[in-house]
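> Predicted model and sequence below, questions to follow.
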Protein chains: 2
Amino acid sequence: MTELELIAAIERLTGGRGERVARRLGDDAAVIRAKGVAVGSIDAIADGVHFELSTHSPADVGWKALATALSDLAAMGAEAGEAFLALALPRGFGTGAAIELVRGVEELAASSGVTLAGGDVVRAGALVVTVSVTGWADDEADLVGRDGARPGDAIGVTGTLGAAAAGLLLLQGADASLTARDREELLRRQRRPVPRLEAGRALAAAGATAMIDLSDGLATDARHLADRSAASLRIELERLPLAAGVTEVAEATGRDPLALAAAGGDDYELLFTAPDDRRAAIEAGAGLAVAWLGSVEAGSGVVLTGSDGAPAEQLRGYEHA
Amino acid sequence: MTELELIAAIERLTGGRGERVARRLGDDAAVIRAKGVAVGSIDAIADGVHFELSTHSPADVGWKALATALSDLAAMGAEAGEAFLALALPRGFGTGAAIELVRGVEELAASSGVTLAGGDVVRAGALVVTVSVTGWADDEADLVGRDGARPGDAIGVTGTLGAAAAGLLLLQGADASLTARDREELLRRQRRPVPRLEAGRALAAAGATAMIDLSDGLATDARHLADRSAASLRIELERLPLAAGVTEVAEATGRDPLALAAAGGDDYELLFTAPDDRRAAIEAGAGLAVAWLGSVEAGSGVVLTGSDGAPAEQLRGYEHA
């Protein structure tokens, strides 16, 4: 597949969305009518590292590449705008597979209101899919960084945790007793994670002081937030909202379900902090379930505690390498 | 090298430039104060395809990755703004090499007024370097696409051609009799191409009707411009401005110098069209030498001609595959 063929495929498969995109494919660069502030991020995923073609279809890979990038916009509270896709394709990954991959990107783009505005395709020694995204906000003050957590803030998380890690264990052959529905949902969370774009904007509007998306796992990502905020995050492990089926998969594979939820990556939920008096507004506005995990304190790092408040010593080593 | 180490290295090595960048590294995404229109593009280069680590240093690779992306902004007449870097690193490409690569990106970024605003680093089976860039313009009307060439327009090109291809032949061992200065310059054009950002903006301001950067070679890129403009580009081969030393390298390797200039990629000069009465303004404003190659006609495709105006039959097959 040549670059021209891919661009032609993208043009066929995809559409411009909204009034913002003045030019997208076919020129040297896309032209986007701007507003206030632009929010930008880039993410790459590679075969054998972030996915396996034996368990993820090309469309899953495309979806996931865009999801990881959009999740960063969600964590800023930005409105998603445009995406740019670079495909590095090894021999043996043919035109049909590449088009399926683009179709997966476009599926998530369509459901997220995102325009695939440009792309590049090159031959390479391995499959690497890189997506850059641009989001928008009217004003810098509408966005939330990682650096705003303050002692006394409550710590919250959207949705449920451990699903993507449990889904991966299922793909790797874990033999857990699950309802068909829970199994499907865990697999979907691994293969087709949905970035929390609407929740991110709602949390920002409702007063979140700091926010990060959970890509490496709660324990690791909480540390990033603690580091940037120069504060300590005290999180009670038993408050982690386990996705349905996580307990069964963990037990079937000899794991602690809370460890799976705290250390498992790829959930793409949002971890955030907010003043205590914003909790009701956040619960009302987030548009999905929010669990309160603990509180921000003076200090540094992350303290995972048992329900007695004592540090959960047996749960050290939760962090993503 | 972990992502955090790379981000730390980027933070150490690089600086934010200008007032536009509100947040760059350390958050989920960078935040850029926008104006008018944003111009976006993404480009990937891969080891063994676009460069060889045996002939290009890691810093050369980083420079080149950014150059190819910025060249697309140049071809739109946009002001260069921010860059995002995704590194897919194979085993054996260590931290030191990755930092050198980032240093090469930053060298060109610094000399182009570009801020390296974000990045990602992942393990992969092959070295793939992807750069997305954002440029800016006050108004869509300030930009130039590929689609504006009209019959009667003159066809121009900036600078000189064939240098990068000749430089590659030298790297591959071509034994040409050259002055040390010409040799160095041909190698530099291959390893450290400079995107024509200022010329692109000047050409747009001076009335260029269509523009494209020469990445795949003049014959191929002229066809893209012809296709998007639904017109024919008639180019007299002997008017191609050969870089110093190209003739010697071509002859030493049994090639036609004009073929090297017409088919050789990676020159990153700008091919453009403009109404005949804008030629003087363009020559005065471009800030570097401009050569006039021929004219736009009704029809389609590219016609390469001899000095007698007859199609140069013996030069078929110039196009990049």
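Structure's in. What do you need? Numbering: from 1, shown residues only, chains lettered A, B, ... in the order given.

> ok, so what distance separates A:A86 from chain B?
A:A86 sits 4 Å away from chain B, going by CB to the nearest CB, to the nearest Å. (C-beta placed from N, C-alpha, C; glycine too.)

> near chain B, which residues of the stretch 101-250 of chain A show up?
Counting by CB under 8 Å from any CB of the partner chain, the stretch 101-250 of chain A comes close to chain B at A:117-128, A:130, A:132-136, A:140, A:143, A:145-147, A:211-213, A:228.

> Got a PyMOL select line for the buried ones in these?
To isolate the buried members of these in PyMOL, using 16 or more other CB atoms under 10 Å in any protein chain shown:
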select buried, chain A and resi 117+118+119+120+121+122+123+124+125+126+127+128+130+132+133+134+135+136+143+145+146+147+211+212+213+228
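
> taking the residues of the stretch 101-250 of chain A next to chain B one by one, which sit in helices?
A:R228 (DSSP state H).

> tell me how far stretch A:119-128 is from the chain's mean position?
Its chain's C-alpha centre and that of stretch A:119-128 lie 23 Å apart, by CA atoms, centre = their mean, to the nearest Å.

> shouldn't A:G167 be in contact with A:P193?
No. Contact criterion CB atoms under 8 Å: A:G167 and A:P193 do not qualify, at 9.4 Å.

> which residues sit in contact with the spatially closest residue to A:V131 that is not a sequence neighbour?
The shortest distance from A:V131 to any non-neighbouring residue, by CB to CB, 6 or more residues apart in numbering or on different chains, is to A:A69 (4.2 Å). By CB atoms under 8 Å, 6 or more residues apart in numbering or on different chains, the contact list for A:A69 reads A:S41, A:I42, A:D43, A:A83, A:V131, A:S132, A:V133.

> Am I right that A:A69 sits in a helix?
Yes. Under DSSP: H, G, I helix; E, B strand; the rest coil, A:A69 sits within a helix.

> And it, how far from A:D213?
Distance, A:A69 to A:D213, using CB to CB, to the nearest Å: 10 Å.

> same check, this time on A:P193
A:P193 is 10 Å from A:D213, by CB to CB.

> Need the residues touching each of the two.
By CB under 8 Å, 6+ apart, the residues touching both A:P193 and A:D213 are A:S71, A:Y268.

> Nearest the middle, which residue of chain A would you pick?
Centroid check for chain A by CA atoms, centre = their mean gives A:Y268 as the closest residue, at 3.0 Å.

> how about the helices in the stretch 151-300 of chain A?
Here the stretch 151-300 of chain A has its helices, by DSSP state H, counting those that start in this stretch, at A:163-171, A:180-191, A:197-205, A:218-229, A:246-252, A:257-263, A:279-285.

> Give the buried residues for the last one.
Going by neighbour count (16+ other CB under 10 Å), the buried part of helix A:279-285 is A:R279, A:A281, A:I282, A:G285.

> need the contact list for the residue nearest to the third one when sequence neighbours are not counted.
Pointing back at A:I282 there. Nearest non-adjacent residue to A:I282, counting by CB to CB, 6+ apart: A:A206, 4.6 Å away. Counting by CB under 8 Å, 6+ apart, A:A206 touches A:A274, A:R278, A:A281, A:I282, A:A284, A:G285, A:A286.

> 7 Å instead, please
Residues in contact with A:A206 (CB atoms under 7 Å, 6 or more residues apart in numbering or on different chains) are A:R278, A:A281, A:I282, A:G285.

> Would you check how far apart it and chain B are?
Distance from A:A206 to chain B, by CB to the nearest CB: 18 Å.

> Check A:V61 too.
For A:V61 relative to chain B (CB to the nearest CB), the value is 13 Å.

> From the contacts of A:A206, pick the one nearest chain B.
A:I282 (18.7 Å; CB to the nearest CB).

> Touching, that closest one and A:L203? I think so.
Yes. Contact between A:I282 and A:L203 holds when scored by CB atoms under 7 Å: they sit 6.2 Å apart.

> Okay, now the unreliable bits of the stretch 51-200 of chain A?
Applying pLDDT under 70 to the stretch 51-200 of chain A flags no residue at all.

> returning to what we had before: looking at A:G167 and A:P193, which one has more neighbours?
Of the pair A:G167 and A:P193, A:G167 is the one with more neighbours under other CB atoms under 10 Å in any protein chain shown, namely 30 against 23.
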